[in-house]
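Peer 1: Show me how the following folds:
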Amino acid sequence: MTTDFMIEKAERYRLLAQFSTDIISTLSPEGIYTFISPACKTILGYEPDDLIGTLAYNLIHPDDIETIGILHMKMLSDKGKYTFSYRIRNKAGKYIWLETTSQPILNPETGEIDEIIVVSRDITERIQMQQKAATEMEKVREELELMVEERTKLLQLANGALRDEINKRTEVTRQMTLKNKEMTDSIQYARRIQKAVLPKADRFYNMFPESFIFSKAKDIVNGDFLWFHEKGDKQVIILSDCSGHGVPGAFMSIIGNDLLDTIVACECETNPSQILQKLEERLIVALQNGGSADEVKDGMDLGVCVIDKAKNELTYAGAYRPLFVRNANGDFCEIAGNPFSIGGGAMGRKKEFKVTTIALEKGTTFYLSSDGYYSQFGGPQGKKFMKSKFRETLKAISAEPIEEQKDSLLNVLANWQGSNEQVDDILVVGFRF
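Peer 2: Residues are numbered from 1 along each chain as shown. Predicted structure coming up:
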């Protein structure tokens with residue numbers, strides 16, 4: 001290593017250390033501190049001289065040493081960058097959590113590792129929040145299980161009289177709504193709870209290897225969600241756009257997810273129209289809060305696709321959500337959903353959901369979307385993107401490889417939005433046969 005290179009490297013470390021609130025350090029390939037920034041005093045309580053020349057492993061929690069050791073050996077082997085979390089003992093003798101990114105620095109002449117540069121930040125508060133969120137989630141589950149058990153017992157005791165049955169259901173609904181409100185007030189970590197409840201994206205990619213999910217929440221949590229289920233020859237894909245965003249929208253998504261679990265997964269309903277009808281009825285009951293159905297203003301827009309692999313066909317029904325289709329010949333079309341939402345109005349008005357059947361051909365691509373993408377303001381005049389422009393964008397990218405289409409949508413949106421604030425949650429899903 002040349003003298004100029006060493007001077008330049010030392011100056012770079014000094015500047016980084018001077019302005020960073022994270023701990024910046026360098027270690028020998030064996031794990032011995034050779035440099036550490038003054039931030040170690042703030043985060044760990046040690047002066048830099050206390051640590052320079054010592055083995056980093058001396059401070060790591062015993063339960064984390066094996067994992068860190070394995071990552072250390074992999075880094076020495078493949079010379080790659082790694083990010084990981086672990087516990088480290090501060091000067092007061094307490095363990096705190098650090099999130100660390102380690103990058104080997106190679107000798108420009110030999111190509112071997114000269115040293116390892118490490119950037120660490122204190123994530124103790126984040127870990128404590130995650131642990132508290134897990135506790136809150138368990139509490140929510142227990143309360144929901146108790147409510148379901150109470151409701152089941154109440155229904156089993158019904159003597160068949162219609163009025164008594166309605167009164168009992170109304171009381172159970174009132175109790176559930178009050179419980180839900182109490183839980184909403186106590187849930188401060190909605191994003192982690194929502195991610196724990198909703199279906200995992202990896203399962204969707206397993207169902208449809210040629211697919212993408214473009215999800216971008218306006219706030220920390222998302223009022224749009226994707227629900228899917230597979231049993232036998234039937235695959236059900238549902239995209240929902242809940243009223244509101246942030247915590248209210250996320251809570252609506254949890255309610256919608258639970259209702260769909262019951263209607264599709266438990267009751268095995270696979271008719272798109274019936275799925276929407278049953279969801280309509282049960283959502284209004286769930287949100288009624290002891291008042292009339294007309295008082296329910298919250299709701300959701302949905303697109304429901306049911307694939308029958310035995311018949312080689314897809315059936316679709318929508319509540320304000322369209323289905324976009326590009327067939328194997330390259331023709332592109334939009335199948336409109338019905339012009340009304342789920343919930344958000346009088347239960348007495350019967351809603352008939354039209355079902356469209358499409359024969360499946362290899363190469364056909366389907367798209368479901370919330371309205372968030374084309375509600376975004378931007379462009380030269382600060383106007384909405386609009387549905388027509390969104391449709392043309394999908395048509396333009398629909399011939400691309402499916403794995404590239406998500407990036408194309410992201411780039412178009414970013415160029416349009418510019419510095420404007422995001423106005424709504426965004427969810428676009430594409431899958432190809």
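Peer 1: Relative to residue 23, how far out is residue 275?
Peer 2: As judged by C-beta to C-beta, to the nearest Å, residue 275 and residue 23 stand 53 Å apart. Where C-beta positions appear, they are placed from N, C-alpha and C, glycine not excepted.
Peer 1: more neighbours, those two?
Peer 2: The neighbour count for residue 275 versus residue 23, taken as other C-beta atoms under 10 Å, is higher for residue 23 (26 against 23).
Peer 1: Surely the more buried one touches residue 39?
Peer 2: Yes. Using C-beta atoms under 8 Å as the test, residue 23 is close enough to residue 39 to be in contact (4.8 Å).
Peer 1: residues near residue 392, how many?
Peer 2: 12.
Peer 1: helix/strand/coil for it?
Peer 2: helix (DSSP: H, G, I helix; E, B strand; the rest coil).
Peer 1: cool, and residue 92?
Peer 2: Going by three-state DSSP: residue 92 is coil.
Peer 1: I'd assumed residue 45 was in contact with it.
Peer 2: Yes. Here residue 92 reaches residue 45: they are 5.9 Å apart, a contact under C-beta under 8 Å.
Peer 1: If you count surrounding residues, which of these two has more?
Peer 2: Comparing residue 92 with residue 45 by other C-beta under 10 Å, the one with more neighbours is residue 45, at 15 against 8.
Peer 1: Output the below-cut-off pLDDT ranges for this protein.
Peer 2: For the chain, applying pLDDT under 70 flags the ranges 1-19, 158-162, 179-197, 244-248, 289-297, 344-349.
Peer 1: Going along the chain, name the helices of it.
Peer 2: 3-19, 39-44, 48-51, 62-78, 124-156, 162-186, 190-197, 201-207, 246-260, 272-287, 387-397, 402-417 (DSSP state H).
Peer 1: so which of these comes closest to residue 105?
Peer 2: Of all the helices of the chain, it is helix 3-19 that lies closest to residue 105, at 8.0 Å by C-beta to C-beta.
Peer 1: quick one, strands of the stretch 201-350 of the chain?
Peer 2: 211-216, 224-231, 234-242, 299-308, 313-319, 323-326, 332-335, 342-343 (DSSP state E, counting those that start in this stretch).
Peer 1: between the second one and strand 234-242, how big is the angle?
Peer 2: Using axes from the mean of the first three to the mean of the last three C-alpha atoms, to 10 degrees, the direction of strand 224-231 lies 170 degrees away from that of strand 234-242.
Peer 1: how about strand 224-231: buried residues?
Peer 2: 224, 225, 226, 227, 228, 229, 230 (16 or more other C-beta atoms under 10 Å).
Peer 1: Given that strand, what are its sheet partners and their directions?
Peer 2: Note on strand 224-231: by DSSP bridges, its sheet partners are strand 234-242 (antiparallel).
Peer 1: Okay, angle between the partner strand and strand 299-308 too, please.
Peer 2: Strand 234-242 and strand 299-308 are oriented at 170 degrees to each other (the same axes, to 10 degrees).
Peer 1: residues making contact with stretch 41-49?
Peer 2: 21, 23, 35-38, 40, 59, 88, 90-92, 96, 98, 120, 122 (C-beta atoms under 8 Å, 6 or more residues apart in numbering).
Peer 1: Could you tell me the end-to-end distance of it?
Peer 2: Stretch 41-49 has an end-to-end distance of 10 Å (criterion: C-alpha to C-alpha, to the nearest Å).
Peer 1: Next: stretch 82-98.
Peer 2: Terminal residues of stretch 82-98 are spaced 14 Å apart (C-alpha to C-alpha).
Peer 1: Name the residues of it that come out as buried.
Peer 2: Quick answer for stretch 82-98 (16+ other C-beta under 10 Å): 82, 86, 87, 88, 90, 95, 96, 97, 98.
Peer 1: same check, this time on stretch 119-133
Peer 2: Using 16+ other C-beta under 10 Å as the test for burial, stretch 119-133 gives 119, 120, 121, 122, 123, 124, 133.
Peer 1: one step back: spatially, which two of the contacts of stretch 41-49 are the most separated?
Peer 2: Farthest pair in the contacts of stretch 41-49, by C-beta to C-beta: 35 and 92, 23.5 Å.
Peer 1: With distance to residue 262 added, can I get the strands of the stretch 201-350 of the chain in JSON lines?
Peer 2: JSON lines is the format used below for these (distance: least, C-beta to C-beta, whole Å):
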{"stretch": "strand 211-216", "distance to residue 262": "24"}
{"stretch": "strand 224-231", "distance to residue 262": "11"}
{"stretch": "strand 234-242", "distance to residue 262": "13"}
{"stretch": "strand 299-308", "distance to residue 262": "15"}
{"stretch": "strand 313-319", "distance to residue 262": "18"}
{"stretch": "strand 323-326", "distance to residue 262": "24"}
{"stretch": "strand 332-335", "distance to residue 262": "27"}
{"stretch": "strand 342-343", "distance to residue 262": "15"}
